[in-house]
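Peer 1: Give me a model of this one.
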Amino acid sequence: MIGGLLTGIATSQWMRAALRYGAIALAVLLFLFSLRRSGERAGRLAERLETTEKANDVQRQMLDAAARRPRDRSELAERLRDGHF
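Peer 2: Numbers count the residues shown, from 1 in each chain. Below is the predicted model of the structure:
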């Protein structure tokens, strides 16, 4: 019974065209959803990369500051006297 109904629907020229356009519309819709999802994923990855770069920059600044620090108390006192600190 169902097979006969589907055969009747599939034989109609208008129904075949409607099914074809419906399938195309569904494929386009699924493709757009996929694009949206991949765009969101790319945005999250870009945000994570930016955050990592900022953290690395701060860490690099801290390492540079640590490399320039006085080695002992006498070097600290000497820098303070010279006004280079």
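
Peer 1: Going by C-alpha atoms from here, please, whenever you check contacts or count neighbours.
Peer 2: OK.

Peer 1: Mind naming the longest helix for this protein?
Peer 2: helix 13-67 (DSSP state H).

Peer 1: Quick one: mean pLDDT for stretch 68-77?
Peer 2: In this model, stretch 68-77 has a mean pLDDT of 89.

Peer 1: Show me what it is in contact with.
Peer 2: By C-alpha atoms under 8 Å, 6 or more residues apart in numbering, no surrounding residue is in contact with stretch 68-77.

Peer 1: what about that stretch, distance to the chain center?
Peer 2: Between the centre of stretch 68-77 and the centre of its chain there are 45 Å (C-alpha atoms, centre = their mean, to the nearest Å).

Peer 1: For residue 69, which three-state class applies?
Peer 2: Recorded secondary structure, residue 69: coil (DSSP: H, G, I helix; E, B strand; the rest coil).

Peer 1: count of residues packed around it?
Peer 2: A total of 11 residues lie near residue 69 under the criterion other C-alpha atoms under 10 Å.

Peer 1: give me phi/psi at it?
Peer 2: The phi/psi pair for residue 69 (degrees, to the nearest 10) reads phi -70, psi 160.
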